[in-house]
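Student: Structure, please.
(chains A and B)
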Protein chains: 2
Amino acid sequence: MELLKERIRRDGKVKGTDVLKVDSFLNHQMDVELFAEIGKEFKRRFAGCEINKILTIEASGIGIACVVAQYFHCPVIFAKKTQTKNIAGEVYTSKVESFTHGRVYDIIVAKEFLGPGDKVLLIDDFLANGAALEGLAQLVKDAGAELVGGGIVIEKAFQPGGDRLRAKGLRIEALARVQSMNEETGVTFADD
Amino acid sequence: MELLKERIRRDGKVKGTDVLKVDSFLNHQMDVELFAEIGKEFKRRFAGCEINKILTIEASGIGIACVVAQYFHCPVIFAKKTQTKNIAGEVYTSKVESFTHGRVYDIIVAKEFLGPGDKVLLIDDFLANGAALEGLAQLVKDAGAELVGGGIVIEKAFQPGGDRLRAKGLRIEALARVQSMNEETGVTFADD
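Tutor: Okay, the predicted model is just below:
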């Protein structure tokens, strides 16, 4: 998606060879007009898939998922990272290792919102090691729902998550695939 | 907002006299078409205010804020609840006491995204004790930005936050103001 890649080139900040900060438009300050273009592109790529639920994970996936969902005319569910007393009843749960935060946490979704008959699209801002996406995929599997695929805004294609999950048969559409990064030369995309 | 009140009557679940669960449409599963109507209503109420930033707090405010922001044609910033190593540089910080989770946490916003000249609308799903909204208002003040007001989806009008913050001069627009709740009789709204 050229518009997104241009934005990453212009406003993304590379730290070392593996940190790409896009918090001016994607995951701290959020450009909702860019998100609308992202939504149209995911709708184009997943056209005809009869998606009726979008599943994401707090926190930075939520805004993107909600704007994207407007193009699919379906609700969003966000997996919560810890069990709070406001979620009563039964939940599906999975474990996710966060490399950013250096810990393992539980993610949960209330069982009443996901089940057989649902066709689910996963949405997240980044795919790197794939832990979050894998945890979400496990929740969908446990619910007996159909996993249509994963829509990712930025894939760090030099990290193993995307390859591993595609090898398992998961359809992943990443709108910008970063091949390499360098503080001097910036970002190189996989398909440039 | 009648559409919202109808939805709360239909799908909200009252527990005791102070817990209102709306996680089937507002803050776990999210009805983005309802969020669009909420966005139109906030735009109507804050018309002419020249809002150029919407500030919310993770996690359940983010989805609402992003859909609402489409009607204001401005970006959203979400305050993060803990400092992660992905936020470098200077931040504004404030403390919020969570009654839901029984703890006090820091919220932060990167200084580069908020400053003098910004006209800020706060958006959140609930207003009860007002701690989150007050923390967000403090961040706006510290940034030297102008605080236009707070847009709240559901206010628990029987809890003290709304009255206290209005008495301080904050303009708060709440789309549904719950006067009382009861497991047998359900929800009574303040303006019914």
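Student: Chain neighbours aside, what residue packs nearest to the most centrally placed residue in chain A?
Tutor: The residue lying closest to the centre of chain A (Cα atoms, centre = their mean) is A:Asp124, at 1.3 Å. Counting by Cβ to Cβ, 6 or more residues apart in numbering or on different chains, A:Gly61 is the residue found nearest to A:Asp124 once chain neighbours are left out, at 4.6 Å. The way it works is simple: take the backbone N, C-alpha and C, and place the C-beta from them, glycine included.
Student: by how many degrees do the helix or strand hosting the one you found and helix B:60-72 diverge?
Tutor: Secondary structure from DSSP states H and E places A:Gly61 in helix A:60-72. In terms of direction (axes from the mean of the first three to the mean of the last three Cα atoms, to 10 degrees), helix A:60-72 departs from helix B:60-72 by 50 degrees.
Student: Could you see whether chain B lies near stretch A:100-112?
Tutor: Yes. Under the criterion of Cβ under 8 Å from any Cβ of the partner chain, stretch A:100-112 makes contact with chain B via A:Thr100, A:His101, A:Val109, A:Ala110, A:Glu112.
Student: Compute the distance between the spatially closest residue to A:Cys49 that is not a sequence neighbour and chain B, please.
Tutor: Distances taken as Cβ to Cβ, 6+ apart put A:Val148 closest to A:Cys49, at 4.8 Å, once the chain neighbours are dropped. Per Cβ to the nearest Cβ, to the nearest Å, A:Val148 is found 18 Å from chain B.
Student: how many other residues sit next to A:Val148?
Tutor: By other Cβ atoms under 10 Å in any protein chain shown, the residues close to A:Val148 number 21.
Student: So it is in contact with A:Ala137, correct?
Tutor: No. Judged on Cβ atoms under 8 Å, A:Val148 makes no contact with A:Ala137 at a distance of 10.9 Å.
Student: so where is chain A shaky, pLDDT-wise?
Tutor: For chain A, residues meeting the criterion pLDDT under 70 lie at A:83-89, A:192.
Student: ok, back up a step: for the residues of stretch A:100-112 next to chain B, pick the one with the most neighbours.
Tutor: A:Val109 (25 neighbours).
Student: in the sheet, who's paired with that one?
Tutor: A:Tyr92 (DSSP bridges).
Student: all strands for chain A, in order.
Tutor: A:13-15, A:19-21, A:29-30, A:53-57, A:76-79, A:91-98, A:103-110, A:119-127, A:146-156, A:172-182, A:186-189 (DSSP state E).
Student: Need these in CSV (columns: distance to B:Ala176).
Tutor: Putting the strands of chain A into CSV (distance: least, Cβ to Cβ, whole Å) gives the following:
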stretch, distance to B:Ala176
strand A:13-15, 41
strand A:19-21, 38
strand A:29-30, 25
strand A:53-57, 25
strand A:76-79, 21
strand A:91-98, 27
strand A:103-110, 22
strand A:119-127, 28
strand A:146-156, 32
strand A:172-182, 36
strand A:186-189, 45
